[in-house]
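S.K.: What shape does this take:
(chains A and B)
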There are 2 protein chains.
Amino acid sequence: METPLTPLDFARRARRLYPEREAVVDGEIRLTYREFFERCDQWSAALQKYGIKRGDRVATIAPNTHAHLEAFYAVPQAGAVIVPINFRLTAADFAYILNHSGARMVCVQADYLDIVDSIRDQVPQVESFVAYSGVKVGWSSYEEMLKGADTSFEAVSVDETEMIALNYTSGTTANPKGVMVTHRNTAMNIMGHLMHTQMTAADRYLWVLPMFHANGWCFVWTITAVGGCHICLPKADPKLIFEMILREHVTLLCAAPTVLISIANAPQELRAGAPRGVRVFTAGAPPAAATIERVEGELGWEITHVYGLTEVSPIVTISEIRPEHAGLSPQERAVIKARQGVEYLGNAEVRVVGDTGAEVPRDGATMGEIVIPGNAVMKGYYNDAEATARAIRDGWFHSGDAAVVHSDGYIEIRDRWKDVIISGGENISSVEVEGVLLRHPAVQEAAVVGMPHEKWGESPQAFVVLRSGHTATSEEMRLFCREHLAHFKVPHGFEFIAELPKTATGKIQKYVLRGGRANITRQ
Amino acid sequence: METPLTPLDFARRARRLYPEREAVVDGEIRLTYREFFERCDQWSAALQKYGIKRGDRVATIAPNTHAHLEAFYAVPQAGAVIVPINFRLTAADFAYILNHSGARMVCVQADYLDIVDSIRDQVPQVESFVAYSGVKVGWSSYEEMLKGADTSFEAVSVDETEMIALNYTSGTTANPKGVMVTHRNTAMNIMGHLMHTQMTAADRYLWVLPMFHANGWCFVWTITAVGGCHICLPKADPKLIFEMILREHVTLLCAAPTVLISIANAPQELRAGAPRGVRVFTAGAPPAAATIERVEGELGWEITHVYGLTEVSPIVTISEIRPEHAGLSPQERAVIKARQGVEYLGNAEVRVVGDTGAEVPRDGATMGEIVIPGNAVMKGYYNDAEATARAIRDGWFHSGDAAVVHSDGYIEIRDRWKDVIISGGENISSVEVEGVLLRHPAVQEAAVVGMPHEKWGESPQAFVVLRSGHTATSEEMRLFCREHLAHFKVPHGFEFIAELPKTATGKIQKYVLRGGRANITRQ
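M.R.: Okay, here's the model as predicted:
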């Protein structure tokens, strides 16, 4: 007897058990689960009334709002597939993704109506333009459509191996790719979260991480599963984050390392009033041990470092706390926490393999590529059999991340395969060098890339953003690095810049640093 | 991309991540996970060397020992199905189950070799008799077979819809039925446990609950999944339980309500030295609020009440703690904890339905039958299509338990359908009356059954076991019941007895109380 593994079944449970609990807070709007699901049902009914059918794609371009959250339930329960698009992308990206996904409808928040209007003629197959807010000519109003529908829709029977979402990768150098994420993929990831961090109806989750980002790492569904409360946040601004944490009694949030850095470096008056005990999940890049020390030691929050990729639905490892870590110093614990850690429960096996496919030794030194089979791995890239075949080989997804395995089995990413610097025949992990730079008190952010070098092939070059009010010289940096690194790993040059070039999701664009530096704002 | 949902995948993870952690403590024997899995692999190799093939059944008759635990890994990873038999059953039961399951091999602990020898001629298809301990003529030694095998065996690729275990129900009135439990069934239940109570590698689990009992409610696999330690206990004796908790730093255990009662009523000198904070899962019958108050209030332990049946793999509800319960008095909280609660995360929907199949209102009064669909439900009864069809109708398993649903969605079992007393046209839940009796300070255990009555059809009759050193009269009991119950629910008679008749798994045999009372020891 099997019922499908799907986030919709967690929603069914929440609907039965938590009807009167607060589901969503969005500015002045507060919805109970009864009210929230009523709105979801109305939107499902409106979608079907409009003619959206099983398997159709419905795109969204919106920040973290209650309406956006509704789409993650209303669209799949009506049988369709949600395509949450990163609102920070360009008009050309929007057009590409809308065309590639074949979306019949796009639902857009007020701020992005104009940009979508500018590409209307490029997306002929989009039939319906729905404005979540800020209605203008040519747009249907979400709220009006909702009001016009009753709550009865035909609930589609789910096949767990079918798509629930089509998530586009950020595609820094190539076109974005559509990751086909199934009901089972996401259900397993949700259960993984819940097995590693017990969440309950008492939890209040702050939406710092964008919902579009791998379905908010599946937290769009995870929080609902336990009857917790979603607190919407319009913008990942430190001041706003601290305010909302206090006002809404936040217990839990997810944040990219850059946001974590901005939290760690927030003005003292903001940090002083913050409650202790907030749990923070971070992923996307290894958080610096220094940041962990600051957030855990000073704020008294608890950071859980997880790792994943959109293609694996997305979280596959966690820097699990073990009993033997209790005896470590805070600094030693922070070093372990900065590692990607061990495979998630229930979700996926994770291996680090060399070129031959054999696992690397657990020596903390030999780099290999992280590969993942199993329940976490996407169904494939949408309409891109070639890229799918490149990424998934013999059932294993190849992550492109270079990692070592420590003697305790903890995986530590040293770099992207393509960012590893080969200097004089030695492998240098750019991330390792960055980690050392970040321990310098004057350094806020750092990026290290390989530059062509006549003698060594490549040589490491550092780009440094200083903390506000601090100064430093190249010589000072060089000496600091020599103290903490093997000599061949010390950058040959240090460049101080105002900010690092980043993708819309906050990832540092090393190819910009390596190549033409036109995009870099000099300090 | 799907990999099978199976406890064996959790084992694979533990093998990789926790090789040097303590896996099992059994008397003087201490095994790390590396050593434990080596023994499992050796046993798998020995089974295949013997000729055990995919789908073959291997039975066990043993208490909670490390060798028994090994079978829960070695047997399925070699492709076979484990049939853990309740060692408290009779020789005739052993013969019935061995024959019905078609076991080719039976593995037996020293204490049960003679009883199995006595039925050898009745179980002609059992080819191999293996002694876990206490070898005698006609028996192969488990340890010798293990030593004779290397660790290489052919790992069978798992189909998640196939059987991992064949668990026999206790069958108080009919022959035991073989419940076909699949890999997916058990994997879902394990994840359910882990989502509701976070367990970690720091946990040390005391094996009070028998491993044969619905695979120790899946804890045979759950503890391993997180790298916790299994502490074997030869006998569910309160003195031993308290000793082991102290000696082995136990953090977690499962116990039937009768064992919980024996813990609550243990001598003061045992209870005085017990550490606080031990987490106890209980299932099998609603624990009395008085017991909960005693164990939580006095010992400072945390009781989690779950509910299930072998046929649903087995746990399907939990008396979840909600934020709003924080404001309740300990007594009010205990009342809620005694309810079976809400459906387990991820595992199964749970409904309470009347005769028409419609859900009963959430009024805390209307009784219906608990029915369950989905991932929790067994594949069926082995070789018993008729019983399967009776139990699973339109995909819903019919539990035979009579329950009400409270306004907050919490399910409370009022009785077995067949134990509901119908008196003067009114339904009386025997369990409700028992609950009141158990609140009387002199009462240790109580059972209430319906007796034929000329005027009312049936009338409630109480059987009471007094706490050691206490006395009470029928009149005192009657007055106490009148104070706490509607008058028509007050038992017409009270009988004081030395102990209640129980099944091997500790369930009260009401049919014995109702019918001939030959088995009752009068006080």
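S.K.: Quick check: buried residues in stretch A:259-275?
M.R.: A:Val259, A:Leu260, A:Ile261, A:Ser262, A:Ile263, A:Ala264, A:Ala266, A:Leu270, A:Arg271, A:Ala274 (16 or more other Cβ atoms under 10 Å in any protein chain shown). (Glycine included, C-beta is placed from N, CA and C.)
S.K.: and it, what's its mean pLDDT?
M.R.: In this model, stretch A:259-275 has an average pLDDT of 91.
S.K.: Max pairwise distance over the buried residues of stretch A:259-275: which two?
M.R.: A:Ile261 and A:Ala274 (15.8 Å; Cβ to Cβ).
S.K.: before we move on, the earlier item: show only the entries of the buried residues of stretch A:259-275 found in helices.
M.R.: Judged by DSSP state H, the buried residues of stretch A:259-275 include A:Val259, A:Leu260, A:Ile261, A:Ser262, A:Ile263, A:Ala264, A:Leu270, A:Arg271 as members of helices.
S.K.: Next, format the residues you listed as TSV and append distance to chain B.
M.R.: As requested, these are exported to TSV (distance: Cβ to the nearest Cβ, whole Å):
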residue	distance to chain B
A:Val259	26
A:Leu260	23
A:Ile261	28
A:Ser262	30
A:Ile263	25
A:Ala264	27
A:Leu270	27
A:Arg271	27
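S.K.: start to end distance for stretch A:262-270?
M.R.: In stretch A:262-270, first residue to last residue: 12 Å (Cα to Cα, to the nearest Å).
S.K.: contacts for that stretch?
M.R.: A:236, A:238-239, A:241-242, A:255, A:291, A:294-295, A:298-299, A:444, A:467 (Cβ atoms under 8 Å, 6 or more residues apart in numbering or on different chains).
S.K.: From those, pick the one nearest B:Leu166.
M.R.: Nearest to B:Leu166 among the contacts of stretch A:262-270, with distances taken as Cβ to Cβ, is A:Ala255, at 48.2 Å.
S.K.: what's the distance between A:Ile318 and A:Ala504?
M.R.: 26 Å (Cβ to Cβ, to the nearest Å).
S.K.: quick one, which of the two is more surrounded?
M.R.: A:Ile318 (25 against 17; other Cβ atoms under 10 Å in any protein chain shown).
S.K.: measure stretch A:149-164 end to end?
M.R.: OK, stretch A:149-164 end separation, Cα to Cα: 23 Å.
S.K.: what does stretch A:468-482 give?
M.R.: 25 Å.
S.K.: which other residues reach that stretch?
M.R.: Contacts of stretch A:468-482 (Cβ under 8 Å, 6+ apart): A:433, A:436-437, A:440-444, A:462, A:464, A:466, A:489-491, A:493-494, A:496.
S.K.: Just to be sure, A:Leu211 is in a strand?
M.R.: Actually, residue A:211 is Met. It isn't Leu. No. Under DSSP: H, G, I helix; E, B strand; the rest coil, A:Met211 falls outside any strand and is assigned coil.
S.K.: burial count for it?
M.R.: So A:Met211, with other Cβ under 10 Å, has 25 neighbours.
S.K.: residues touching it, list them.
M.R.: A:Met211 neighbours (Cβ under 8 Å, 6+ apart): A:Ala62, A:Pro63, A:Asn64, A:His68, A:Leu69, A:Phe72, A:Pro84, A:Val220.
S.K.: pLDDT wise, what is the first one at?
M.R.: Reading off the per-residue confidence, A:Ala62 sits at a pLDDT of 98.
S.K.: ok, now how distant is it from A:Glu70?
M.R.: Taking Cβ to Cβ, one finds A:Ala62 at 10 Å from A:Glu70.
S.K.: With A:Cys254 instead?
M.R.: From A:Cys254 over to A:Glu70 (counting by Cβ to Cβ), the distance is 20 Å.
S.K.: Kindly report the residues of the stretch 51-200 of chain A close to chain B.
M.R.: A:Thr161, A:Arg184, A:Ala187, A:Met191, A:Leu194, A:Met195, A:His196, A:Thr197, A:Gln198, A:Thr200 (Cβ under 8 Å from any Cβ of the partner chain).
S.K.: which of those are buried?
M.R.: A:Arg184, A:Ala187, A:Met191, A:Leu194, A:Met195, A:His196, A:Thr197.
S.K.: how about JSON lines for these, with pLDDT, distance to B:Ser157 and secondary structure added?
M.R.: Shown next, in JSON lines, are these (pLDDT from 0 to 100; distance: Cβ to Cβ, whole Å; DSSP: H, G, I helix; E, B strand; the rest coil):
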{"residue": "A:Arg184", "pLDDT": "94", "distance to B:Ser157": "19", "secondary structure": "helix"}
{"residue": "A:Ala187", "pLDDT": "96", "distance to B:Ser157": "23", "secondary structure": "helix"}
{"residue": "A:Met191", "pLDDT": "96", "distance to B:Ser157": "23", "secondary structure": "helix"}
{"residue": "A:Leu194", "pLDDT": "96", "distance to B:Ser157": "28", "secondary structure": "helix"}
{"residue": "A:Met195", "pLDDT": "96", "distance to B:Ser157": "25", "secondary structure": "helix"}
{"residue": "A:His196", "pLDDT": "95", "distance to B:Ser157": "28", "secondary structure": "helix"}
{"residue": "A:Thr197", "pLDDT": "92", "distance to B:Ser157": "32", "secondary structure": "coil"}
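S.K.: and which of the residues you listed is nearest B:Thr169?
M.R.: Set against B:Thr169, the nearest of those by Cβ to Cβ is A:Met191 (28.5 Å).
S.K.: residues contacting the closest residue to the closest one other than its chain neighbours?
M.R.: Spatial nearest neighbour of A:Met191, chain neighbours left out: B:Met191 (5.1 Å); criterion: Cβ to Cβ, 6 or more residues apart in numbering or on different chains. If you count contacts by Cβ under 8 Å, 6+ apart, B:Met191 has them with A:Met191, A:Met195, A:Leu345, A:Gly346, B:Gly346, B:Asn347.
S.K.: Look up how far B:Pro84 lies from A:Val108.
M.R.: In terms of Cβ to Cβ, A:Val108 sits 58 Å off from B:Pro84.
S.K.: check contacts around A:Phe10.
M.R.: By Cβ under 8 Å, 6+ apart, the neighbours of A:Phe10 are A:Ala187, A:Ile190, A:Trp221, A:Thr224, A:Ala225, B:Leu345, B:Gly346.
S.K.: Verify the contact between the fourth one and A:Arg12 for me.
M.R.: Right, the one you point to is A:Thr224. No. Applying Cβ atoms under 8 Å as the test, A:Thr224 and A:Arg12 come out as separate, 10.4 Å apart.
S.K.: who has more neighbours, the two?
M.R.: Per other Cβ under 10 Å, whichever of A:Thr224 and A:Arg12 has more neighbours is A:Thr224, with 28 against 16.
S.K.: Spell out which parts of the stretch 251-400 of chain A neighbour chain B.
M.R.: So the stretch 251-400 of chain A meets chain B at A:320-323, A:342-343, A:345-346, A:348-349, A:373-379, A:392, A:395, A:397 (Cβ under 8 Å from any Cβ).
S.K.: Tell me which of the residues you listed fall in strands.
M.R.: A:Val342, A:Glu343, A:Ile392, A:Phe397 (DSSP state E).
S.K.: Extract the residue ranges of chain A that are flagged as low pLDDT.
M.R.: A:1, A:171-173, A:505, A:516-523 (pLDDT under 70).
S.K.: Residue ranges of each domain in it, please.
M.R.: Following automatic domain parsing, chain A resolves into domains at A:7-20+A:31-182, A:235-416, A:420-514.
S.K.: Which of these sits closest to B:Leu113?
M.R.: domain A:235-416 (39.2 Å).
S.K.: next SSE after the helix ranked longest in chain A?
M.R.: In chain A, assigned by DSSP H, the helix with the most residues is helix A:33-50. Next helix or strand after helix A:33-50 toward the C-terminus (DSSP states H and E): strand A:57-61.
S.K.: Just want the angle from that next one to helix A:33-50.
M.R.: Per axes from the mean of the first three to the mean of the last three Cα atoms, to 10 degrees, the angle that strand A:57-61 makes with helix A:33-50 is 120 degrees.
S.K.: Noted, bye for now.
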